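> From the sequence below, what's the structure:
(chains A and B)
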Amino acid sequence: MTGVTLRAEPVRPGARVLGFGGHQPAKVVTNHDFAAVMDTSDEWIRSRVGIVERRLAGPDETITDLAVQAGGKALAASGLAPSDVDLVIVATCSAETPMPSHAPAVAHRLGIEAPGAYDLNSACSGFCYALAAADAAVRTGSARNVLVVGAEKMSQWIDQTDRSTAIIFADGAGAAVVGPSETPGIGPVVWGSDGSAPERIAIADRTSFIRQDGQAVFRWATTAIAPVALAAVERAGLVPDDLATIVPHQANLRIIDAIARRIKATNAVVADDITRSGNTSGASIPLALAHMIERGDVPSGAPALLVGFGAGLSYAAQVIQIP
Amino acid sequence: MADATEQEILDGLAEIIDEIVGIDKSEVTPEKNFIDDLDIDSLSMVEIAVAAQDKFGVEIPDDELRNLKTVQDVINFVQKLKV
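Just a heads-up that it's a prediction; the model follows:
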């Protein structure tokens, strides 16, 4: 039969983050630990990237393990039961193997039964992409509540003798539970990509480690990303002075400072979680937020600007309200 | 700044360096080497190049940036492309 009309779910007015959670492995690696085995120093690392220490997972600690810990904390913070969640998205770019995806196992271990479940790879902007997908799923009725996790074990793709990457990348996970809301608590996403130079941050093949063209990436991140962030603020109907916090991907403290300087948000606390956590790629934004909420740095309801950017090159930004 | 004189470029550059790395404008003189005399590292040089691009309308790509060792080198580069 032709000419049928398919029924759509009723559209909800908004979605919001109900709770965040973060998890890091126990093993702390300091700059001094690197200085003992390669030509670098605590001073050099602090001044170039702003990292003091980072956490690395042990050989038996998987991305799924990290994601389950962070996801469990986010669920607890949201006040929801596992049975309330019907979609799980894991943003990761450091998967141990290409299949299966992590999301079904993460859901299973958290007691979430038979949800839609998939992994998403947009590298360091992955969490912002996943959050946009979750927001859309809730508003269009594809899901009631969504668990979004950014989880990375970057250390397994790092040449531990390469001082340009070993000192930077780290392991960890951060998660958010997204549910329906009478008013929007997640602003419109502003996203995009530039695939003209994919080799700038890449793992070339299955026997390779992460390589990045640090200077070119630094120039891109310090020039191209602030306009994306400002567009996300504008799309949410706000001005920079409304922001209580800016949470850029924790790539490099100097990139974070350069982006924040261009946004000119005079009242905003700028996340600097990189100093203690390193660059955890897709996990860095929710991990930083979980730490800031835990410390009471940002009040409930306050507007936070999230800005992801990285390999691809890809980028995404949106304003959310702190749960 | 279409016909920037050498002094104007120097003043503009000194302002940029003061803003980005906090070095007093009076320290920025033509003979100074960025790395050895002013203690400016490669990442700050990228930030200075980007700010210079905004100010003078002259693009300084990474390949060129590597060859600009002194304040005078940058002045010459900007002037050459402005002609």
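> Would you confirm that residue B:78 contacts residue B:6?
No: using Cβ atoms under 8 Å, residue B:78 is not in contact with residue B:6, being 9.4 Å away. In this view, the C-beta of every residue, glycine as well, is placed from N, C-alpha and C.
> neighbour count winner among the two?
Neighbours were counted for residue B:78 and for residue B:6 using other Cβ atoms under 10 Å in any protein chain shown; residue B:78 has more, 25 against 13.
> and the residue lying closest to residue A:69 once chain neighbours are set aside, bridged to which residues?
Distance criterion Cβ to Cβ, 6 or more residues apart in numbering or on different chains; nearest residue to residue A:69, sequence neighbours excluded, is residue A:23 at 3.6 Å. Beta bridges link residue A:23 to residue A:173, judged by DSSP bridges.
> What number of residues are in the vicinity of residue A:23?
Neighbours of residue A:23 under the rule other Cβ under 10 Å: 25.
> Same question for residue A:144.
Using other Cβ under 10 Å, residue A:144 has 15 other residues around it.
> quick revisit: now do the residue nearest to residue A:69, the pLDDT please.
Residue A:23 is assigned 98 on the pLDDT scale.
> List the contacts of it.
Residues in contact with residue A:23 (Cβ atoms under 8 Å, 6 or more residues apart in numbering or on different chains) are A:66, A:69, A:70, A:73, A:172, A:173, A:174.
> Unless I misread the structure, residue A:89 falls within a helix.
No: Residue A:89: not assigned to a helix; according to DSSP: H, G, I helix; E, B strand; the rest coil it is strand.
> hmm, back to that, report the two of the contacts of residue A:23 separated the most.
A:73 and A:172 (12.3 Å; Cβ to Cβ).
> Residues that sit against both of these two, list them.
Jointly contacting residue A:73 and residue A:172 under the rule Cβ under 8 Å, 6+ apart are A:22, A:23.
> Which one of those two is surrounded by more residues?
residue A:172 (33 against 20).
> I'd like to know how far that one sits from residue A:61.
As for residue A:172, its distance to residue A:61 is 11 Å (criterion: Cβ to Cβ, to the nearest Å).
> Now the common contact residues for these two.
Joint contacts of residue A:172 and residue A:61 (Cβ under 8 Å, 6+ apart) are residue A:25.
> quick one, what contacts residue A:283?
Taking Cβ under 8 Å, 6+ apart as the test, what residue A:283 contacts is A:66, A:70, A:127, A:150, A:151, A:152, A:172, A:173, A:174.
> how about the nearest residue to it, chain neighbours excluded?
If the residues on either side of it in the chain are set aside, residue A:283 comes closest to residue A:150, at 4.1 Å by Cβ to Cβ, 6+ apart.
> Now whichever residue of chain B sits closest to chain A: which helix or strand?
Chain A sits closest to residue B:46 of chain B, with a gap of 5.0 Å, by Cβ to the nearest Cβ. Using DSSP states H and E, residue B:46 falls within helix B:42-56.
> What residues sit buried inside that helix?
For helix B:42-56, the neighbour count (16 or more other Cβ atoms under 10 Å in any protein chain shown) marks B:43, B:44, B:45, B:46, B:47, B:48, B:49, B:50, B:51, B:52, B:55, B:56 as buried.
> now for these, which pair is the farthest apart?
Farthest-apart pair in those is B:43 and B:56; separation 20.5 Å (Cβ to Cβ).
> what ranges do the helices span in the stretch 151-300 of chain A?
Secondary structure of the stretch 151-300 of chain A (DSSP state H, counting those that start in this stretch): helices at A:214-235, A:253-263, A:274-277, A:284-295.
> I'd like the C-alpha coordinates of the first one written as PDB, please.
Read it as helix A:214-235. Extracted in PDB, the C-alpha atoms of helix A:214-235 (Å, rounded to 0.1, in the frame of the first residue of the first chain):
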ATOM      1  CA  GLY A 214      51.700  19.100  17.800                       C
ATOM      2  CA  GLN A 215      52.400  22.500  16.300                       C
ATOM      3  CA  ALA A 216      49.800  22.300  13.600                       C
ATOM      4  CA  VAL A 217      47.200  21.000  16.000                       C
ATOM      5  CA  PHE A 218      48.100  23.700  18.500                       C
ATOM      6  CA  ARG A 219      47.600  26.400  15.900                       C
ATOM      7  CA  TRP A 220      44.300  24.900  14.800                       C
ATOM      8  CA  ALA A 221      42.900  24.500  18.300                       C
ATOM      9  CA  THR A 222      43.900  28.000  19.400                       C
ATOM     10  CA  THR A 223      42.300  29.700  16.400                       C
ATOM     11  CA  ALA A 224      39.500  27.600  15.000                       C
ATOM     12  CA  ILE A 225      37.800  26.400  18.200                       C
ATOM     13  CA  ALA A 226      36.900  29.600  20.000                       C
ATOM     14  CA  PRO A 227      34.500  30.700  17.200                       C
ATOM     15  CA  VAL A 228      32.700  27.300  17.400                       C
ATOM     16  CA  ALA A 229      32.400  27.800  21.200                       C
ATOM     17  CA  LEU A 230      31.000  31.300  20.800                       C
ATOM     18  CA  ALA A 231      28.500  30.100  18.200                       C
ATOM     19  CA  ALA A 232      27.200  27.500  20.700                       C
ATOM     20  CA  VAL A 233      26.800  30.200  23.400                       C
ATOM     21  CA  GLU A 234      24.800  32.300  20.900                       C
ATOM     22  CA  ARG A 235      22.700  29.400  19.700                       C
END
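> now that helix against helix B:42-56, angle please.
Here helix A:214-235 runs at 60 degrees with respect to helix B:42-56, directions being taken by axes from the mean of the first three to the mean of the last three Cα atoms, to 10 degrees.
> Who are the packing partners of helix A:214-235?
Applying 3 or more Cβ pairs under 8 Å, 6 or more residues apart in numbering or on different chains; DSSP states H and E, one finds that helix A:214-235 contacts strand A:190-193, strand A:245-248, helix A:253-263, strand A:303-310, strand A:314-321, helix B:42-56, helix B:62-65.
> Reformat these as a markdown table; add mean pLDDT.
A markdown table is the format used below for those (pLDDT from 0 to 100):
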| stretch | mean pLDDT |
| --- | --- |
| strand A:190-193 | 98 |
| strand A:245-248 | 98 |
| helix A:253-263 | 93 |
| strand A:303-310 | 98 |
| strand A:314-321 | 98 |
| helix B:42-56 | 89 |
| helix B:62-65 | 89 |
